[in-house]
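In: A structural model of the following input is requested.
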Amino acid sequence: MAVVLQLQDAHKRYGLQELLDGASCALPDDQKVGLIGRNGAGKSTLCRILLGEEELDAGEVVRSRKLRLGYLRQHDPFEEGETVLGFLQRDSGQPEWRCGEIAWQFQLPDPMLDQPVRSLSGGWQTRVKLAALLLHDPNLLILDEPTNFLDLRTQMLLEEFLRNFRGGCLIVSHDRAFLKRTCNHTLEISRGKMTMFPGDVDLYLENLAERREHDQRVNAATLTKRKQLETFINKNRANANTASQARSKAKQLERLQLVDVQGEEASIKFNFPVVDPRQGCALRTEQLVIGYPEHEVATKIQLEIDHGLRVGIVGDNGQGKTTFLRTICDSLDPLDGKLKWGYGCQVGVYAQHVYTTLPDNQTVDDYLHYQSAPGTTIQQVKDVAGSLLFTGDLIQKKIKVLSGGERARLVLAGLLLQKHNVLILDEPGNHLDVESVDALADALCRYRGTVIFTSHDRHFMHRVATAVVEVRNGSVVSYPASYDDYVYRTRKELEVGLRAEHTTRGTPEPGTGPRTRSLKLGGREERELQKKLKATERKIAQLDEEKKAVNQQQSTVTDAKESQQLHKQLTSLASEVEQLEEEWLEIYNELESVG
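Out: Okay, the predicted model is just below:
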């Protein structure tokens, strides 16, 4: 292990806010470090300082001679009309074969190498930038919110890349699942100081809570002891027979010191309006066609979403998740078919672009009063503003001076002041820190209305979604299992694709290189395989539900014999699931290899 980048006694101030106050940290060339902190704590500023894009007020950045620093660029580095392969060669100076080899690691198909980079979706462009990053052979990477707007498949490829990367990393992310899968150390920036912890983000947050609780217990015991000593001293110091004991106790009292316990930082609190639970269908579509006049995105959509469900919309970037959400919230007209909301549905919408189109000259207070439902009191508006950290003078700030994170919080605050019983949320966790995303998930789980949402944050999706709708290959369908099952299936598909591509590239045969079109199955055979694949997925989902039921039953059983029988049943179910998963992989592999 060699330290290649250090921050020593760093100071950085913006106006009255001190982001770094004597902070220090060291980054070795073999540790994956997750950087966390509240919104505005200085995470992005720290990254810019380490990259040399911003100066410290005081302190020092020490760079080793061995440092080869790489970072994932958020801006567009591509030239007009430049192809993927052309960009990789120009950016890295590497030969075509090497660029193609690295592109393969990010599943960039050969035909795509000849396409203009700017014609690709954001997710594919990120894969191209990651390939370019690796071609420079860095030994320390700095990645600031690398998962923003990345679909699940690209996130998994990025995870695989980072796990196999032999150098060190500093990764800023609000996605706890991503941090946990990629980072073995956690660095927190808080109140101008930095704390390094040798464990993942979940362990760090647990440890932090335990230490705070321990220190509070120690202080409580110390205060009790102080009170006892003070009582004894007051009673006995005037008595000649006990005065010496009182003096001894006074010395003990002087030695008793309280532990410095930092209070928790101000936290966002979400409380969605209380709504009466409803029964039946909230949304029904019949032969719905969505898209744009020049391009159909998905057709023949037959969906029913019941009241009370929290439906996660999943699918790769560019498949049509946002188009579907825009259509059901009436900001985009359907091309054909029917869409009907149930009686009494009051729909509230949070869209990715909303916070960029707020009225600049309104204050926070003006906006919240304008958005609030009739009958809302001034105090209720202040309470909601305060719960999203718009306190004191902040409530009178003009919207035009708010940061992206503050604007996002403002739009969410406006939703809390309305009486919606259906919420449509497009990436609601973007611009929120780890703790705020958790608070939002808690609030949505308590909410008794209907939620239809999309998010690239797996931890958030796992906690919130009670049902899943998948947008894929021109269709929008209810997924027959849980979100965790969807993640599992996507990971298996990715593994199969990587193995198949590796086999193709590793053992090429004449006329069957990766750019050669493979033979197609007959329509009937392909349909049969697709049916078999779906049937296997349904069976796996069914067995998973049975396993959950047996697990719940086992947790309440006290009889040893019955518990043993349930354990055998669980073992049998697990074995059956494993066998079905192998069958699923075989079928999928067959479809991929000849499709």
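
In: quick check: which element contains the nearest residue to F165 once chain neighbours are set aside?
Out: Distances taken as CB to CB, 6 or more residues apart in numbering put L141 closest to F165, at 7.0 Å, once the chain neighbours are dropped. For glycine as for every other residue, the C-beta is placed from the backbone atoms N, C-alpha and C. Element membership for L141, per DSSP states H and E: strand 140-144.

In: same thing with E304?
Out: Going by DSSP H and E, E304 is in strand 295-306.

In: can you pull out the low-pLDDT segments for the stretch 151-300 of the chain?
Out: Along the stretch 151-300 of the chain, segments meeting pLDDT under 70 span 211-212, 259-267.

In: just checking, what packs against the strand holding L141?
Out: helix 43-50, strand 69-71, strand 168-172 (3 or more CB pairs under 8 Å, 6 or more residues apart in numbering; DSSP states H and E).

In: note down every partner strand of the second one and its orientation.
Out: Sheet pairing for strand 69-71, assigned by DSSP bridges, gives strand 140-144 (parallel).

In: on that earlier part again, the strand holding E304: how far from the chain's middle?
Out: In terms of CA atoms, centre = their mean, to the nearest Å, the centre of strand 295-306 is set 26 Å apart from its chain centre.

In: packing partners of it?
Out: By 3+ CB pairs under 8 Å, 6+ apart, strand 295-306 packs against strand 281-292, helix 321-328, strand 336-341, strand 450-454, strand 467-472, strand 475-478.

In: give me that answer again for 6 Å
Out: For strand 295-306, the packing partners by 3 or more CB pairs under 6 Å, 6 or more residues apart in numbering; DSSP states H and E come out as strand 281-292, strand 475-478.

In: C-alpha coordinates for the shortest one, PDB please?
Out: The one in question is strand 475-478. The C-alpha trace of strand 475-478 is given here as PDB (Å, rounded to 0.1, in the frame of the first residue of the first chain):
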ATOM      1  CA  SER A 475     -43.500  -3.200 -24.200                       C
ATOM      2  CA  VAL A 476     -44.600  -2.100 -20.700                       C
ATOM      3  CA  VAL A 477     -45.600  -5.000 -18.500                       C
ATOM      4  CA  SER A 478     -46.100  -5.900 -14.900                       C
END
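
In: got the contact list for it?
Out: A298, I301, F324, V469, E470 (CB atoms under 6 Å, 6 or more residues apart in numbering).

In: could I get the residues you listed as TSV with distance to F87?
Out: Output for the contacts of strand 475-478, formatted as TSV (distance: CB to CB, whole Å):
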residue	distance to F87
A298	31
I301	37
F324	32
V469	35
E470	32
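
In: from these, which is closest to E18?
Out: Using CB to CB, F324 comes nearest to E18 of the contacts of strand 475-478, at 44.9 Å.

In: ok, now which ones touch the residue lying closest to L339 once chain neighbours are set aside?
Out: Spatial nearest neighbour of L339, excluding adjacent residues (CB to CB, 6+ apart): T285 at 5.1 Å. The contact partners of T285, taken as CB under 6 Å, 6+ apart, are I301, L303, L339.

In: in the sheet, who's paired with T285?
Out: L303, L339.

In: distance of it from V347?
Out: 15 Å (CB to CB, to the nearest Å).

In: quick check, nearest of the contacts of T285 to E188?
Out: Using CB to CB, L303 is the member of the contacts of T285 that sits closest to E188, with 42.5 Å.

In: ok, and the closest non-adjacent residue to K532?
Out: Nearest non-adjacent residue to K532 (CB to CB, 6+ apart): I587, at 5.6 Å.

In: mind listing what's buried in stretch 187-195?
Out: L187, E188, I189, S190, G192, M194 (16 or more other CB atoms under 10 Å).

In: phi and psi next, for the last one.
Out: As for M194, its main-chain torsions (degrees, to the nearest 10) stand at phi -130, psi 140.

In: check contacts around it.
Out: M194 touches A23, C25, L187, counting by CB under 6 Å, 6+ apart.

In: help me confirm that the second one is found in a helix?
Out: This means C25. No. Going by DSSP: H, G, I helix; E, B strand; the rest coil, the assignment for C25 is strand, not a helix.
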